[in-house]
Each structure stands twice: as C-alpha cells, then as structure tokens.
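# Predicted model and sequence follow; I will ask about them next.
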Amino acid sequence: MLIIIVFFGAEKIPEIARGLGKGIRELKDATNTIKQEILDSSDASELIDDTKKSIDEIKEDISEVTNSIKRMK
C-alpha cells in the first residue's frame with residue numbers, strides 16, 4: 001500500500017480503486033455471459049438429441065405400419 005501511495009500519490013488511490021472495481025465487474029459480467037451461453041448451447045444440444053430420438057421412434061412406427069400393410073396384401 002505504501003508503494004502505491006508513493007508511486008501514484010494519495011489523491012489517485014480512489015480513482016485507481018474505481019478503475020479496478022469496474023474492471024473486475026466487467027470481467028464477472030463477461031464470465032457470466034460465457035457461462036450462460038454454454039448452458040444455452042447444452043440445452044439446445046439436449047433438445048436436438050430429444051428431437052432425433054422422437055424422429056427415430058416415429059420412423060419405427062411408420063415402418064411397423066408399412067410392414068403390417070404389406071403383410072395384409
């Protein structure tokens with residue numbers, strides 16, 4: 001602390017502290033944004049996987065119905 005006072009002067013300390021606080025706040029905001037984007041992309045990935053599973057199930061059902069119709073002929 002003494003080095004900071006000697007190097008910058010006592011009147012600059014509040015300005016330096018505000019700058020550091022602002023920088024830390026911006027870093028936290030950026031970190032939170034990145035975390036949210038990662039969560040959103042993983043949710044989208046899960047949605048895509050669920051949709052693919054549903055499509056596969058529907059394809060199987062259609063195949064079963066088609067095979068049943070072919071056997072009736």
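Happy to help now that I have it.

# Check which helices and strands the helix or strand encompassing residue 33 sits against.
According to DSSP states H and E, residue 33 maps onto helix 13-72. Using 3 or more Cβ pairs under 8 Å, 6 or more residues apart in numbering; DSSP states H and E, the elements in contact with helix 13-72 are helix 2-8. Yep, even glycine has a C-beta here, placed from its N, CA and C like the rest.

# Before we move on, what's the pLDDT of residue 8?
Confidence at residue 8, expressed as pLDDT, is 70.

# I figured it hits residue 14, correct?
No - Residue 8 is beyond contact range of residue 14, at 10.7 Å (criterion: Cβ atoms under 8 Å).

# Which of these two has more residues huddled nearby?
residue 8 (12 against 9; other Cβ atoms under 10 Å).

# Can you tell me how far the more buried one is from residue 15?
Distance, residue 8 to residue 15, by Cβ to Cβ, to the nearest Å: 9 Å.

# try residue 50
Taking Cβ to Cβ, one finds residue 50 at 53 Å from residue 15.

# Residue 62 too?
Separation of residue 62 from residue 15 (Cβ to Cβ): 70 Å.

# For the protein, which residues score under the pLDDT cut-off?
Residue ranges of the chain with pLDDT under 70: 1-2, 4-5, 73.

# hmm, 80 instead?
For the chain, the stretches with pLDDT under 80 are 1-13, 16, 39, 41-44, 69-73.

# domains for this protein, by residue range?
1-40, 42-72 (the TED database).

# what's the burial count for residue 64?
By the measure other Cβ under 10 Å, the count of residues near residue 64 is 10.

# quick one, what contacts it?
If a contact means Cβ atoms under 8 Å, 6 or more residues apart in numbering, then residue 64 has no contacts.

# And it, how far from residue 50?
Taking Cβ to Cβ, one finds residue 64 at 21 Å from residue 50.

# got it, and residue 11?
60 Å.

# What of residue 40?
Note on residue 40: its distance to residue 50, by Cβ to Cβ, is 16 Å.
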